[in-house]
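**Q** Task: produce atomic coordinates for the following.
(4 chains)
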Number of protein chains: 2
Amino acid sequence: MRIGEAAAAAGMTATALRFYESCGLLPPAPRSPNGYREYTEDAVNRLQFIRRGQAAGLTLDQIKGILNLRETGESPCSHVRELLARELQDLDRRITELISLRAAVAGFHRNAVETDPASCDPGQVCSFL
Amino acid sequence: MRIGEAAAAAGMTATALRFYESCGLLPPAPRSPNGYREYTEDAVNRLQFIRRGQAAGLTLDQIKGILNLRETGESPCSHVRELLARELQDLDRRITELISLRAAVAGFHRNAVETDPASCDPGQVCSFL
DNA sequence: GTGCACCTTCCCCTATGGTGGAACGTCAAG
DNA sequence: CTTGACGTTCCACCATAGGGGAAGGTGCAC
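**A** Here you go, the predicted structure:
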């Protein structure tokens, strides 16, 4: 199948497929005589794996690492386990950060809502921050 | 004072100050006869306001908007209120997203820890994703 | 008179995940 | 015979917030 069809089958754009190939996430696609890329069902499966990896919050580089491991015949299982563990830690850290940022912003906002705008000092930029 | 000193006073780098000036966050600094930028205490206050804005999670573009409002003589109070309200919503959305992503990743990870690696199917990339 | 720290401008580079356009080739239908 | 939908390549660009280095000027101390 050609690039547009494969892209549609995986819920992506043709541009994204070319981009993935250029990054090494996909092996160079075989070409039909007219130079068009030819994709198999296997390629589409790989694309869907990429999608699942992204949905799991992995970066393209991490997904590439998994695919490369599988390529070398090694089982990526333990690598993926570590990846997921590290990602959980990372997510926890980011969630904590966002929650404390939210508390800070909520404090600024509460102050901004409660304070009389007339008390605004033109000598400074903004007393709310 | 010169750029390095002003930067240090605001806890930034000289490069950042030039960058802010180039983006319109800072008015073009007056120059001393040798062409060096000259900063006043007021400029350092402005830099510290930028820092506080960033600490509150605002983008440089949003901070620039506040500074520009103040520049035109208008009081940025209500603008800042709206900005903070929108940011709270945005933070809530991002936190919710991250938490649900975390749940999904935790599920993958639990499965990966509990599953026997020997049951790994070499025909697919990784059964954990 | 020279070394050193600081300043200037200009332009490219970082990471992320692609998108869009230009200029051109290919193929089937009308 | 031409139109349209697809394909190809390469190159530039989006946002974000600067960092890094080259090539050169300035000013002070030794």
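**Q** Quick check: A:Y39 touching A:M1?
**A** Yes - with contact defined as C-beta atoms under 8 Å, A:Y39 counts as touching A:M1 (5.1 Å). All C-beta atoms are positioned from the backbone trio N, CA, C, and that covers glycine.
**Q** SS state for A:N34?
**A** Three-state call for A:N34 (DSSP: H, G, I helix; E, B strand; the rest coil): coil.
**Q** And it, what's its pLDDT?
**A** Note on A:N34: pLDDT of 95.
**Q** Phi first, then psi, for it.
**A** Main-chain torsions, A:N34, degrees, to the nearest 10: phi -80, psi 0.
**Q** what number of residues lie near it?
**A** 5 (other C-beta atoms under 10 Å in any protein chain shown).
**Q** Neighbour count for A:Y39 and A:M1, which is higher?
**A** A:Y39 (23 against 15).
**Q** pLDDT value on the more buried one, please?
**A** pLDDT, the model's per-residue confidence, is 97 for A:Y39.
**Q** again, but for the one 10 residues further on
**A** Confidence at A:F49, expressed as pLDDT, is 95.
**Q** same check, this time on A:R86
**A** 91.
**Q** does DNA strand D sit close to the helix or strand that it is a member of?
**A** Counting by DSSP states H and E, the element that carries A:R86 is helix A:77-114. No - Helix A:77-114 does not reach DNA strand D (C-beta under 7 Å from any atom of the strand); its nearest approach is 12.9 Å.
**Q** Determine how far that helix lies from the middle of the whole chain.
**A** Counting by C-alpha atoms, centre = their mean, to the nearest Å, helix A:77-114 is centred 16 Å from the centre of its parent chain.
**Q** wait, does it contact chain B?
**A** Yes - counting by C-beta under 8 Å from any C-beta of the partner chain, chain B is contacted by helix A:77-114 at A:77-78, A:80-81, A:84-85, A:87-88, A:91-92, A:94-95, A:98-99, A:101-102, A:104-106, A:108-109, A:112-113.
**Q** What sits closest to the residue in chain A positioned nearest to DNA strand D if chain neighbours are left out?
**A** Taking C-beta to the nearest atom of the strand, DNA strand D has its nearest neighbour within chain A at A:G4, 2.7 Å off. In space, and not counting its chain neighbours, A:G4 is closest to A:A14: 5.1 Å by C-beta to C-beta, 6 or more residues apart in numbering or on different chains.
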